[in-house]
Structures are given as C-alpha cells and as structure tokens.
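In: attaching a predicted model along with its sequence, questions to come.
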There are 2 protein chains.
Amino acid sequence: MDEDSFKSVCIVGVGLIGGSLGLALKKARLCEHIIGLGRRRESLLKALVKGAIDEFTLSPREAFSKADLIILATPPSTIPTFFPLIAREAKEGCLVTDVGSVKRRIIEESEKILPSHIIFVGGHPLAGMEKRGVEWAEADLFLNSIYVLTPCSRSTEEGMEKMKRLVYSIGAHPLIMDADRHDLLLAYTSHFPHLIAFALSLLLGRMREKEEKVSYLAASGFKTMTRIAGSPADMWEEIFKENKDNLLVVWKDWEEVMEEMKRRLGEGNLRDTLEKAREERERLDEIDLQKGKGI
Amino acid sequence: MDEDSFKSVCIVGVGLIGGSLGLALKKARLCEHIIGLGRRRESLLKALVKGAIDEFTLSPREAFSKADLIILATPPSTIPTFFPLIAREAKEGCLVTDVGSVKRRIIEESEKILPSHIIFVGGHPLAGMEKRGVEWAEADLFLNSIYVLTPCSRSTEEGMEKMKRLVYSIGAHPLIMDADRHDLLLAYTSHFPHLIAFALSLLLGRMREKEEKVSYLAASGFKTMTRIAGSPADMWEEIFKENKDNLLVVWKDWEEVMEEMKRRLGEGNLRDTLEKAREERERLDEIDLQKGKGI
C-alpha cells in the first residue's frame, strides 16, 4: 500500500459497477479494506464470495463512520438520499464519489447537503453492459474506458487528485467536465441512442403484430442495434427522467437530421450524407485511448 | 456429387456474398465447377486463389452459355442488366437466382425479360457484414441464417425445390415470401435501422463540431448502435433508393412510435413502454433457428 491508498473504503450498492470497482481497487492494491453496504443481504453475500468486498453491513451508520472513501453505486435517483447521513456520520476529510449517469441533481444536492469537511467529486465510469448484478462484475471492466469526473464546490484540489489517481489505477482515463456539460453530451452519446434502441424494438413489435414472420428477418444488424434495448427498463426510465431536458434538446437536433435525410431520400441524393455518417463513425474507431494523453 | 448437384455454376460478382456462396457450394459438394464472372480481374483472381471459383472470365457470353445455375451477386441495381444476355445465351432449363436485398424490381424485370425456358427464383441471404470484398468471404457465412426465396411466374416448382435444397445445403433456412412482402418487412428489420444508424452517426457529428470531447463519451453502446453505419455508403444509397416507398411507410410508423415516447417522457410514464421494448428484444434472442422447422 502506498500513500495514495485508502485505508477503508465503503461501496454502497454492490451491483455490476459497485462490484467491479471493488474488484478493480483490490487488484490495483488501492485499499486495505472494503465494506459493502446494501439493502439485500443476498447481493452482499455474492459480492463477498466474489471478493469484491471484505465485509458487509446493512447499517449505513456503521459503514459511513469508518470510511476514508465512500463510493455511491446505487441507482442515480437514490444517490442524494445518502447525503444527509454521510453529512452526519462521515469522518472529516472523507472523500465521497458516485457513479451516476446523470450528474446535475447529484452535484446540486451534494453542494446543498454535504458540510465543508466532506469532499465530494462526482464520477461516471463509461463502462457497463446490458447485464446487472455483481455476478457480472469484473476487475477489468474499466480498462481503457473513460471515467468522467465532475467537480463542484465540495471538491478540493486534493480530492480531484485522489480521484484521478484512482481512475488511472483501475486502467481508465479521467475526463474532467462540469455536470451540465456531462449531462448534455451523455444525452447525445448514450441516453438518446438508448431511447432509439428501445424505439426500434417497439417498431418491430408493431409490425410483428401484423406479420409474425418479421422476427425471422431481424438479422444481425437489427439485433446489434437493439442490443441495448435489453437493458433494465427501470434503470433507463430513471435516467431518461433525470436527463429529460437534455434529451429534448437532442431530440430537436435529431428531428433535423431525420428531416434532412428524408428530404435527400426524396431527392435521390443521399450519398454525401451517408458518406459523412460513415466517416464520422470511422473517426470513433480511430480514437485510441492508450495514446489519449491530452483528453 | 448427387443428383441435386449442379454441373456448372456461374457466379456473377465475387464479393463477400458471391465469394461466400462459391465457398459454401464447394464445401457442400453441390457443384462440379464454378466459373466467376466480373469486371475487375483483380477480384476474380483473389476469388480464384481463395478457392471460391475454379476459373474466371470477363465475358458474360462464355459464362452464361455453359451454366446450369447462374447466381447474380452484384449490386441490386445492376442485377436486371444481366437478364437480356441471360435470355439470349443461357441453356434451356438454366436456373437463375440473385442475392439482391430489394426484390420487387428484380422480379418484375425477370418476368418481363427472361423467356419461359429459363427458371428464375429471387433470393436474399440475410448474411453479411460491414465489410465488402471476397477477402472477407467464408464458407460458413450462411450458417443458421435466413435465406429468403421470392418466387415469381418464372419460378417452376422444380426450380423452387432446387433452390431450397441449395439453401439447406449451405446451412441456411429458406423462407419463402413474395417480393413485395419481403421488401416491406426488410424495410422494417434492416433498411430503416441502417438509416437510423447513419442518422445517429450524423447526430454525433453535429455535436462534435461544437464540442470535440463528445467523441470520447461515445462508449460501447453508441459504437454498437452505429456499427452498421460503417457499411459502404454507395451500397446503402442504392438500397434506400430501391426501397424508398417502403422506407417511407416504416418512417411514418417510426414517427408514431417516437411521438408516443416523447409524450410518455413528458408525462414521466415511460416504464411500460420500455418494458415492452425490452420484451420484444428478448423475443428475438429466443428464436432458435436450429429448431425453426416451421418457419
């Protein structure tokens, strides 16, 4: 253990992300002891067996009072509900972070509720999958992925440095960005595309009611595009609700793109548009995070 | 070689699909000899080296006059351009098929141009990828995939039986469907989703012009959804043009789905809709073609 490591870490919510963070922190030897906090004994036991945590408790008080680092990895809407107890119980200088995919309200609440002796840095690891639960957790989930850090008035310089080191140590790349910016950009790159995947799946459903055979014609392209529509509906409803305003901004942009495509289809003049789209997509594959020093 | 096999097969266009069909027919021992026909010597040579064809020619006359089976595997819009020469040169009883992803015009032209002593059965193997070219061809490309057969007035019962046996022999599942139905259903399951993938890629491009960092936030979900936007733009422009009327039908349906989602997002009442979408998507994974006797 070097001086950057945490003596006692508390992970609240040991699902896919919380569990993977536990495994990754241990692999990086960044902590001495991890306590898991949750509501369901069963998940906590699974996390313990898997080695993602060293012990668990159902008592937030016990968990918060000992921790040097608290990671909130529960569904986004529940994250601020832990702030009052953290405010009361956590040690002076305790570093608190979260993994919520919509940051604005979390940041606002942290600034409202947490006292100045608690350090808060918002976080969002861009890793995950359609699955949920600690059974899918793995230490390498964050390898070469982006981990957004959203600073606020509760983030000290030292807190930011500690979080950056944590991110690097689990193989991810920190990207520092304020909460509003994060929420808008994520609406473009993740939330709206997820909504589209759900919509494509519904579109197929409409046709299937008229013609059962249509399902057989949904080949790999369709399956790939709707894969993320297999994600948990409750989780995504929450994200869509939390980031509704930004979703509507993107939606307007989207309608313009679609109008343009429809016009060009009518004119028989789609080639340049498709070529531009293809180039934009290729650009994504060229982003090499391992060389991405300047991000 | 059994009695179902073809003595001489001509494959026109030895790209990903044409080349894979050559390899698959050979693996299934369904033909004695394959002649490749094309415009570019280089692709034909590659196909020869790969073993997808046994010889090649740049002369359609030579290729067509010997064949018992002609497979047209060129871009959809060029397929009917071969019919006049096939009408003049092909042997009596020659079986002709194609692999075009939009069938209506091909079927219409075949009925107009081909004489009654030539048998034509439209075909569309639902296999492929973003890549093109014979270098990506493989004998197992069609394994457990759907292969649509579209009959017309030029398809005899014997022709249909031969094509069905061909499809089974390369490990695929024949699905018989008239051209109009095929084109509408494919607009739902493939053409419109491809258009959406291109549009999502353009949407990201609009944001990237304002904020370069947005590309870093396009993680696996976005990449998966837009993967097919890496497909050749010229090929897709052609498909969109050929199937424009059906695309516009789907588009209308799509707009209703999106309006419904927007309304429910506004009402904070998305859960059932997302759950329905998730179930629809799961249904696709449950389709087990290996058990799919009755399709």
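Out: Great, that's in hand.
In: isn't A:Glu55 right up against A:Leu48?
Out: Yes - using CB atoms under 8 Å, A:Glu55 makes contact with A:Leu48 at a distance of 7.2 Å. No exception for glycine: its C-beta is placed from N, CA and C like everyone else's.
In: neighbour count for those two, which is higher?
Out: Taking other CB atoms under 10 Å in any protein chain shown, A:Glu55 and A:Leu48 do not tie; A:Leu48 has more neighbours (18 against 11).
In: what's near enough to touch that one?
Out: If you count contacts by CB atoms under 8 Å, 6 or more residues apart in numbering or on different chains, A:Leu48 has them with A:36, A:54-56.
In: what segments of the stretch 51-200 of chain A are helices?
Out: A:60-66, A:83-89, A:104-113, A:157-169, A:179-186, A:192-210 (DSSP state H, counting those that start in this stretch).
In: what's in contact with the first one?
Out: To tie it back to what came earlier, the one meant is helix A:60-66. Residues contacting helix A:60-66 (CB under 8 Å, 6+ apart): A:8, A:10, A:12, A:35, A:37, A:57, A:70, A:82, A:85-86, A:89-91, A:94.
In: show me where pLDDT drops low in the stretch 51-200 of chain A?
Out: For the stretch 51-200 of chain A, the stretches with pLDDT under 70 are A:129-130.
In: correct me, but A:Val257 touches B:Leu204?
Out: No - look at A:Val257 against B:Leu204 with CB under 8 Å: they stay out of range, at 10.0 Å.
In: neighbours of A:Val250, just the number please.
Out: A:Val250 has 23 neighbours, counted by other CB under 10 Å.
In: to clarify, my last question referred to A:Gly266.
Out: The burial count for A:Gly266: 11, using other CB under 10 Å.
In: host element of A:Ala259?
Out: I think there's a mix-up here, since residue A:259 is Glu and not Ala. Here A:Glu259 sits within helix A:244-267, counting by DSSP states H and E.
In: elements contacting that helix?
Out: helix A:179-186, helix A:192-210, helix A:271-286, helix B:192-210, helix B:244-267 (3 or more CB pairs under 8 Å, 6 or more residues apart in numbering or on different chains; DSSP states H and E).
In: turn these into TSV, columns for distance to B:Leu143.
Out: TSV is the format used below for the helices and strands packed on helix A:244-267 (distance: least, CB to CB, whole Å):
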stretch	distance to B:Leu143
helix A:179-186	38
helix A:192-210	24
helix A:271-286	27
helix B:192-210	23
helix B:244-267	28
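In: before we move on, the earlier item: pull out the buried residues from the contacts of helix A:60-66.
Out: Neighbour counting with 16 or more other CB atoms under 10 Å in any protein chain shown marks A:8, A:10, A:12, A:35, A:37, A:57, A:70, A:82, A:86, A:89-90, A:94 as buried within the contacts of helix A:60-66.
In: please flag which of those residues sit within strands.
Out: Using DSSP state E, the subset of the buried ones among the contacts of helix A:60-66 located in strands is A:8, A:10, A:12, A:35, A:37, A:57, A:70.
In: from B:Phe142, how far out is A:Arg154?
Out: 58 Å (CB to CB, to the nearest Å).
In: which one of these two has more residues nearby?
Out: The residue with more neighbours, out of A:Arg154 and B:Phe142, is B:Phe142; 23 against 20, by other CB under 10 Å.
In: need the contact list for the more buried one.
Out: For B:Phe142, the contacting residues are B:20-21, B:24, B:125, B:127, B:167, B:170-172, by CB under 8 Å, 6+ apart.
In: what residues sit buried inside stretch A:28-43?
Out: A:28, A:30-31, A:33-38, A:43.
In: just checking, A:Val99 touches A:Gly18?
Out: Yes - proximity of A:Val99 to A:Gly18 meets the contact threshold set by CB under 8 Å, at 7.4 Å.
In: identify the contacts common to these two.
Out: A:71, A:73.
In: overlap of the contact sets of A:Glu55 and A:Leu48?
Out: A:Gly36.
In: spell out which residues of the stretch 51-200 of chain A are next to chain B.
Out: Neighbours of chain B within the stretch 51-200 of chain A, by CB under 8 Å from any CB of the partner chain: A:126-127, A:129, A:145-146, A:148, A:175, A:177, A:181, A:185-186, A:188-190, A:192-200.
In: can I get the buried part of the residues you listed as one PyMOL selection?
Out: Selection of buried members from these for PyMOL, criterion 16+ other CB under 10 Å:
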select buried, chain A and resi 126+127+145+146+148+175+177+181+185+186+188+189+190+192+193+194+195+196+197+198+199+200
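In: what number of residues lie near the nearest residue to A:Pro76 once chain neighbours are set aside?
Out: The shortest distance from A:Pro76 to any non-neighbouring residue, by CB to CB, 6 or more residues apart in numbering or on different chains, is to A:Gly100 (3.8 Å). For A:Gly100, the count of nearby residues is 28 (other CB under 10 Å).
In: ends of stretch A:223-235, how far apart?
Out: Stretch A:223-235 has an end-to-end distance of 21 Å (CA to CA, to the nearest Å).
In: how is chain A divided into domains?
Out: Domain assignment of chain A by automatic domain parsing yields the ranges A:6-177, A:182-291.
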